[in-house]
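Student: here's a sequence, model it:
(one chain, ligands or ions: 1)
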Amino acid sequence: MMRMPLGEYRKKRRFTKTPEPKGSPAVRRKSAGNLFVVQKHRATALHYDFRLEANGVLVSWAVPKGPSLDPSQKRLAMAVEDHPLDYARFEGTIPQGEYGGGTVMVWDIGTYDLEDDEDFATAYKKGRLTFTLHGKKLKGRWSLVHTGGTRQWLLFKRTDRYASKDVDITVDKPRSVLTRRLLATIAREGGGDVEKAASGDPH
Ligand code: MN
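Tutor: Numbering: from 1, shown residues only. A predicted model of the protein is given here:
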């Protein structure tokens, strides 16, 4: 993160083919600085992209199983390239054959507060981020902890009144928080692969 802002993001994408945002300085200027977003992404495999705003970009992790409200369920989170802030409201279809080809849904969005007095870069470098989420689906305290390699982290809920062993939030709340659509509808309306997208919806 933060070494070469958005260089890796832009290098991986052909903006003549994909509708994903290039990154607009205007969006960056307007932001309050503590946005978080979770995007459900049916690409080669289904995963949830977990993103926290820091220093003008969305620092990002891909979480194959998605978040769990059960503190004993620690979910693998692979660090991926920083994304531009305007990506937070991107929902639609990335053409097949392009990087990340498939369907993207804004599954949750809101703000977050980092715990302790540390700044984000310091906490990231130490491999330990604890924060409170103010989303529509995800709330309360969460942690991301670096466990090994260059990219491997764990995302998990901390114990508080928003924790639950009984609710599977990815199954119980499968729809877009922006448009209430399921993946299949987003794919259909975006000219994508509906059947592939539908395999990421609960059935
Ligand atoms: Mn993704």
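Student: grab the nearest non-local neighbour of residue 151.
Tutor: Once flanking residues are discounted, residue 151 sits nearest to residue 79: 4.4 Å by CB to CB, 6 or more residues apart in numbering. (C-beta placed from N, C-alpha, C; glycine too.)
Student: please pull out the lowest mean pLDDT helix or strand from this protein.
Tutor: Taking mean pLDDT, DSSP states H and E as the measure, the chain has helix 25-30 as its least confident helix or strand, at a mean of 68.
Student: mind listing what's buried in the very next helix or strand once past that helix?
Tutor: Next helix or strand after helix 25-30 toward the C-terminus (DSSP states H and E): strand 35-42. The neighbour-count check on strand 35-42 (16 or more other CB atoms under 10 Å) flags 35, 36, 37, 38, 39, 40, 41, 42 as buried.
Student: and these as TSV, adding pLDDT and distance to the ion?
Tutor: Below are these laid out as TSV (pLDDT from 0 to 100; distance: CB to the ion, whole Å):
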residue	pLDDT	distance to the ion
35	96	17
36	97	15
37	98	12
38	98	11
39	98	7
40	98	9
41	97	4
42	96	9
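Student: just checking, what packs against the strand ranked longest in the chain?
Tutor: Longest strand in the chain, counting residues (DSSP state E): strand 102-114. On a contact count with 3 or more CB pairs under 8 Å, 6 or more residues apart in numbering; DSSP states H and E, strand 102-114 meets strand 35-42, strand 92-94, strand 128-135, helix 183-189, helix 194-198.
Student: count the neighbours of residue 142 for me.
Tutor: Here the number of neighbours of residue 142 (other CB atoms under 10 Å) works out to 25.
Student: that should have said residue 203, apologies.
Tutor: Residue 203 has 6 neighbouring residues, counting by other CB under 10 Å.
Student: wasn't residue 16 part of a helix?
Tutor: No - per DSSP: H, G, I helix; E, B strand; the rest coil, residue 16 lies outside any helix segment and is coil.
Student: give me the phi and psi for residue 7.
Tutor: phi -60, psi -50 (degrees, to the nearest 10).
Student: hmm, residue 49 is touching residue 63, no?
Tutor: Yes - in this structure, residue 49 is within contact of residue 63 by CB atoms under 8 Å, at 7.5 Å.
Student: what helix or strand is residue 49 on?
Tutor: Assigned by DSSP H and E, residue 49 falls in strand 46-54.
Student: what's the first helix or strand after that strand?
Tutor: strand 57-63.
Student: ok, that following strand: who's next to it in the sheet?
Tutor: When pairing is defined by DSSP bridges, strand 57-63 lines up against strand 46-54 (antiparallel), strand 75-84 (antiparallel).
Student: so that strand versus strand 35-42, what angle?
Tutor: Angle between the axes of strand 57-63 and strand 35-42 is 40 degrees (criterion: axes from the mean of the first three to the mean of the last three CA atoms, to 10 degrees).
Student: run the chain-centre distance for strand 57-63.
Tutor: 6 Å (CA atoms, centre = their mean, to the nearest Å).
Student: then that strand to PDB, C-alphas only?
Tutor: Extracted in PDB, the C-alpha atoms of strand 57-63 (Å, rounded to 0.1, in the frame of the first residue of the first chain):
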ATOM      1  CA  VAL A  57      -7.100   5.400  -1.500                       C
ATOM      2  CA  LEU A  58      -9.100   2.300  -0.600                       C
ATOM      3  CA  VAL A  59      -6.600  -0.200   1.000                       C
ATOM      4  CA  SER A  60      -8.100  -3.500   0.000                       C
ATOM      5  CA  TRP A  61      -8.300  -7.200   0.900                       C
ATOM      6  CA  ALA A  62     -10.000 -10.100  -0.900                       C
ATOM      7  CA  VAL A  63     -12.000 -12.300   1.600                       C
END
